[in-house]
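Here you go, sequence then predicted model.
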Amino acid sequence: MQDIIDQLTDTIRTAAANRMPLRIRGGGSKDFYGGPLRGDALEVGGYRGIVDYDPTELVITARAGTPLTEIEAVLREKGQMLAFEPPHFGSSSTLGGCIAAGLSGPRRAYTGAARDFVLGVRMLDGAGNDLRFGGQVMKNVAGFDVSRLMAGSLGTLGVILEVSLKMLPLPAAEITLRLAQTAAEAIALANAWAGRPLPVSATAWTAGNLVVRLSGAATAVDAAAKKLGGERLAAEAAARFWHGVREHTDPFFNSGQPLWRLSLKSTTPPLNLPGTQLIEWGGALRWVATDADAHAVRAAAALGGGHATLFRASDKSAGVFQPLPPALQTIHRKLKQAFDPAGIFNPGRLYDWM
Amino acid sequence: MTAVTEHPVDTARQREVVRALAAFLPERALLHDREDAQPYECDGLSAYRQVPMVVALPETEAQVQRILRTCHALRVPVVARGAGTGLSGGALPLGNGVLLSLARFMRILEIDPVSRTARLQTGVRNLAISEAAAPYGLYYAPDPSSQIACTIGGNVAENSGGVHCLKYGLTVHNILKLRAFTIEGELLEIGGDGLDAAGYDLLALMTGSEGMLAVITEITVKLLPKPECAQVVMAAFDDIEKAAAAVANVIAAGIIPAGLEMMDQAATRAVEEFVHAGYPTDVAGILLCESDGTREEVADEIRRVQDVMEASGAILIRTSHDETDRLRFWAGRKAAFPAVGRISPDYYCMDGTIPRKRVGEVLRGITAMEKRYGLRCANVFHAGDGNLHPLILYDANAPGELERTEAFGGEILELSIKVGGTITGEHGVGVEKINYMCLQFRPAELAAFHGVKTAFDEHTLLNPGKAVPTLARCAEFGRMHVHTGQEKFPDLPRF
C-alpha cells in the first residue's frame, strides 16, 4: 500500500511544482456535490482496506478508498454502526469521500455528525507531507483538532489517506411511528420530544406526515412508542422510508427542481419559500425543492440562524455554499494557504475564491 | 520544573502599555501593581508562576476588541484566562504580556428551552449553566471535575470532558456557536444556530485550541433533557486485568454506559479512608458503571451490566438502590485526588489516554516502574474512554524524589504514546506537556500546527509558548507536580 502513497505523493509534488489543479476522487459518488470539478483526477480509491478494527475499542481505522458498504457490513457483523448514518449517494461511496463531504444522515440530530465521530486522520498535504493528527482514542487534546477540520473540507486541505472513527452499538430495537401533522405542528412536536428523555433517533416530516424513529432497549422503545402515539410502520416499510430519506430516493427528492439544504435553528417556523419541503433532524434540517432565487433561499437560512447549500442543481452559478463574512473568508484563505500553498487541491469545490 | 524563571517587568514597556489601555479602559479594569497582579500569576498548575506585566479585566466585547487591537499594534502578547482552574498551565501569564481576564463576562444571556440551547458569556461557570437550565428539565452535559468554578470559555479552550464523555461527548460535541475576536480585533462568528455551518469546521478547530487562535466572548451550547433516572453498579476484582477485561466486555455487550470508571487498590484504599464510600479495600481494583435514561432503559442496562461483571469474574457486585446510594458510590471516585493528597506529601498527576485493550499492559508497566523508581502510584482511570490518571506519590522534600517522579511520569507518557495513545486526554498541553508534544508529533505535523496558528495570529501574540513547541524546543522533557497545600483550588474535586 505504501507504493500507492508514494505515487500520490509524486503526483502531488509534480502538480504543486506546476500549479496544476487536482481533483481528489474516491468512488465518484459525490461528484455532484459542491462546486465544479477542476483538474486531473487524483484517484484514491485504490488505497483501500480496513487497517484496524477492534469492536471493544469502539474504533475502526480504514483507508480512504474503502467502500462505505464494506465498512458498514463489517461493523454490522459485530453489532456496531457508523452512528452518523452517512448518506452514500451511490454504491461506489468511499470512507474518504464520506468524511471529506462531511454529510450525515437521519440519526445526526440525536447521536452526532460525521465530524463528531472522527478521532484521527492520516493525510497528505499540498507539499506531499504524510501527516497524522488525532489518533485512535476517544479523548485527545494534544494539538489543534486538524482531524475534525478535515471533515466537510471537501478535499481542499489535503488528501485523506486513513480515518479513525468512533463506533456505536446497533440499537437492540427500533420502532418507526407515523403521525399526521402539519409542518408547523411537526416542528413543535419534534422540538418538544427532544426536550424530554425519549429514545428518539430520527424524525422526518414529509407530505403531511411526521415520521419518528425510536431506538434502544426493546422495553424502552415500546414504552416511548406508547407515549408518542401514531401508527406503527412495519419494519421493512420503516427501513425503506429511512433509506429513502438518507439516500434521496424518497419521491420528495425527485421533483426535478433545484434541491436546497438548509441547516438552521430547529424551532424555525416552516419556510416561506415556494416549492416543497422535507424536514429532518427535529426541525434543524430543511430540504427545499424550489425554483426560488438563491438570495431568497439564503436570506431564509440566515433568518433561521443557519446556512443554505445548493445541494443538487443543473445551474450552480449562484454558488453552492452560503457566502462567508470577510473575517471568516480571510481565515479560510490562510488555512488553505497553510495546508495547500500551491492551491492544487479541488480549487473552487468549496468556494470559487479558493 | 519548579525553577521557572520569573521574567522581570520592563517598567518603560509597562508604562507604555498601561497608557495605551487606560485610554479606553476604566481604572477598575486595569491592574499593574505587582501586588494587584500577583493573584493572576498561575492557574491550577501552581508549580509554574509568572506575574503578568498588566492585567486587563474588560466588561464589554468592545473593550476586548480594543485591548486586542492595542496589543496587536504594540506587539504585546496576550494570555486569555477564565477561572484559572486549568491543570496544564495554559493560562500562565507572560512577564512581558497582558493577562486578559474574562471573569467579568458572567451573564447567562439566554436560555431557550424549546430549541434547548443556552447563550452564554464566556465567563459563565460550567455548573451555573445546568443550574439555570434545571427548571426546564434540561442540563449541559460536559461536567469537568472543576465544574463549580471553571468557565465555559475555558472549557471550550481546553475541550473539557468529565466522567460522562463516552456517552455524551466532550465540549466539542456540545457547542453550536462562538463569538470570538482575533488578535487584530476582528470579530469571528463561528458555527451557527443549526447543527453545522458553511465552510471549514472552525468550531472544532477553536475547541481545544488553548487560547492560541482567538479570544472567545460568547458561546451557545446545547442543552439535553435530564435523564429520568440513573443507577450505578460497583464491581470489585481480585485482579486488575480482570477488571480491564470487564470494561471490554461491557462494550462488547453493546452497552455505552453513562460513566465507566476504574480505580486500583492504592486509590480505593486512599479514598475509603477519606470518604467511606463503601469500597472494598482488599481487592485489586473496582469498577463503577453507571446507566442513565428512561426507567426501562436503565433497568435493562443495569441487569446486563451485572451479568457482564459476574461473567467477567467480579468477586463483589453492588448496585445503588437509591439516589443517596448512587451519590455515595460516586463520592469516592470524585474524592480520589484529594484522598491521595492526604496520604502523600505530594503527587504528580498524569493524563494520558490509551486504547482500552492496552490498559492491563500499561498498568503492569506502571507497577514495574513503581519498583524501579521506588515510588508508589495510585491509578484512577476513566476506563470508558481510556483516559488514565496515574497519581505518582512522592515527597518533594526528600532528596532526589522529585527528579525520580519526573522521570517516572515521563516514562508513563512515553508508554502512552507507545501503545497508541496520547499524552493528554483532557487537561491540555499548556506549558506542562509542551515538550512531550515532540514525542507525539513529527516535525511536519508540528509545522502544520504552526500553520494553523499563523492563519489566525500571524505574529504569534495569543498565548505564545503554549501547546505547540517550536522545533528548536523539541529536545527537553516537561513535567508537573502538585505540592500539598499549593493547589490553587484545594477544595475542587479532581478526577
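Sure thing, it's come through.

can you give me the strands for the stretch 251-400 of chain B?
B:259-264, B:285-293, B:316-319, B:346-349, B:376-382, B:387-394 (DSSP state E, counting those that start in this stretch).

Out of those strands, which gets nearest to chain A?
strand B:387-394 (4.9 Å; Cβ to the nearest Cβ). Bear in mind the C-beta positions are built from the backbone N, C-alpha and C, glycine included.

Check which helices and strands that closest one is in contact with.
The elements that strand B:387-394 packs onto, with contact taken as 3 or more Cβ pairs under 8 Å, 6 or more residues apart in numbering or on different chains; DSSP states H and E, are helix B:336-343, strand B:346-349, helix B:359-373, strand B:376-382, helix B:401-418.

Tell me which of these is the most buried.
strand B:376-382 (a mean of 24; mean count of other Cβ atoms under 10 Å in any protein chain shown).

quick revisit: columns mean pLDDT on top of the strands of the stretch 251-400 of chain B, output as a markdown table?
A markdown table is the format used below for the strands of the stretch 251-400 of chain B (pLDDT from 0 to 100):
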| stretch | mean pLDDT |
| --- | --- |
| strand B:259-264 | 96 |
| strand B:285-293 | 96 |
| strand B:316-319 | 97 |
| strand B:346-349 | 87 |
| strand B:376-382 | 94 |
| strand B:387-394 | 93 |
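
Of the ones you listed, which is nearest B:E41?
Counting by Cβ to Cβ, B:E41 lies closest to strand B:346-349 out of the strands of the stretch 251-400 of chain B; the figure is 20.1 Å.

The closest one - which strands sit beside it in the sheet, and in what orientation?
strand B:387-394 (antiparallel), strand B:482-483 (antiparallel) (DSSP bridges).

Could you save the ones you listed as TSV and add columns showing mean neighbour count?
As requested, those are arranged in TSV below (neighbours: other Cβ atoms under 10 Å in any protein chain shown):
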stretch	mean neighbour count
strand B:387-394	25
strand B:482-483	21
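
Point out the residues in the stretch 1-150 of chain B that sit beside chain A.
Applying Cβ under 8 Å from any Cβ of the partner chain, one finds that the stretch 1-150 of chain B approaches chain A through B:112-116, B:136-138.

Could I have the buried ones of those as PyMOL selection syntax?
To isolate the buried members of the residues of the stretch 1-150 of chain B next to chain A in PyMOL, using 16 or more other Cβ atoms under 10 Å in any protein chain shown:
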select buried, chain B and resi 112+114+115+116+136+137+138
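
Now stretch B:276-289: buried residues?
Neighbour-count burial for stretch B:276-289 [16+ other Cβ under 10 Å]: B:277, B:279-280, B:283-289.

now those residues in TSV, with distance to A:E162?
Shown next, in TSV, are these (distance: Cβ to Cβ, whole Å):
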residue	distance to A:E162
B:A277	43
B:Y279	42
B:P280	44
B:V283	40
B:A284	37
B:G285	34
B:I286	37
B:L287	32
B:L288	34
B:C289	32
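
which one of these sits closest to B:L462?
B:L288 (39.3 Å).

hey, what's the closest one bridged with?
Residues in beta-bridge contact with B:L288 (DSSP bridges): B:M234, B:E261.

which parts of the stretch 251-354 of chain A sit against chain B?
A:262-267, A:281, A:284-285, A:304-307, A:309, A:321-325, A:327-328, A:330-332, A:334-335, A:337-339, A:350-351.

Restricted to helices, list these.
A:327-328, A:330-332, A:334-335, A:337-339 (DSSP state H).

List buried members of these by neighbour count.
Here, 16+ other Cβ under 10 Å leaves A:327-328, A:330-332, A:335, A:337-339 buried among these.

For chain B, which residue occupies the most central location?
The structure's chain B has its C-alpha centroid closest to B:H427; by Cα atoms, centre = their mean the separation is 3.4 Å.

so it, which of the three states?
With DSSP: H, G, I helix; E, B strand; the rest coil as the basis, B:H427 sits in coil.

Check what pLDDT it gets.
Looking at B:H427, its pLDDT reads 93.

Looking at the buried ones among the ones in helices among the residues of the stretch 251-354 of chain A next to chain B, which is nearest chain B?
Checking these one by one against chain B (Cβ to the nearest Cβ), the nearest turns out to be A:A338, at 3.1 Å.

separation between the residue in the stretch 351-495 of chain B that chain A sits nearest to and A:G126?
Closest residue of the stretch 351-495 of chain B to chain A, Cβ to the nearest Cβ: B:G451 (3.1 Å). B:G451 sits at a distance of 11 Å from A:G126 (criterion: Cβ to Cβ, to the nearest Å).

Now for B:A73, how many residues are close by?
As a burial measure, B:A73 scores 11 neighbours (other Cβ atoms under 10 Å in any protein chain shown).

Name the next helix or strand downstream of the helix or strand where it lies, please.
Using DSSP states H and E, B:A73 maps to helix B:61-74. The C-terminal neighbour of helix B:61-74 among helices and strands, as given by DSSP H and E, is strand B:78-81.

same for that next one, what does it pack against?
Strand B:78-81 packs on helix B:61-74, strand B:98-101, helix B:152-158, strand B:215-222, going by 3+ Cβ pairs under 8 Å, 6+ apart.

and B:A22, how far is that from B:A29?
9 Å.

the more surrounded of these two?
B:A29 (19 against 14).

The closest residue to that one other than its chain neighbours: how many residues sit nearby?
Leaving aside its chain neighbours, B:A29 sits nearest to B:L57 (4.7 Å; criterion: Cβ to Cβ, 6 or more residues apart in numbering or on different chains). Counted with other Cβ under 10 Å, the neighbours of B:L57 add up to 21.

Please verify my assumption that B:L57 contacts B:E27.
No: assessed by Cβ atoms under 8 Å, B:L57 is found out of contact with B:E27, at 10.7 Å.

Tell me which residues touch the residue nearest to the centre of chain B, please.
By Cβ atoms under 8 Å, 6 or more residues apart in numbering or on different chains, the contact set of B:H427 is A:141, B:86-88, B:158, B:349, B:351.

Adding distance to A:V245, write the residues you listed out as JSON lines.
JSON lines is the format used below for the contacts of B:H427 (distance: Cβ to Cβ, whole Å):
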{"residue": "A:V141", "distance to A:V245": "35"}
{"residue": "B:G86", "distance to A:V245": "43"}
{"residue": "B:L87", "distance to A:V245": "44"}
{"residue": "B:S88", "distance to A:V245": "44"}
{"residue": "B:E158", "distance to A:V245": "37"}
{"residue": "B:C349", "distance to A:V245": "47"}
{"residue": "B:D351", "distance to A:V245": "42"}
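
need the helices for the stretch 1-150 of chain A, in chain order.
For the stretch 1-150 of chain A, the helices defined by DSSP state H, counting those that start in this stretch occupy A:2-18, A:68-77, A:95-101, A:108-111, A:114-117, A:146-150.
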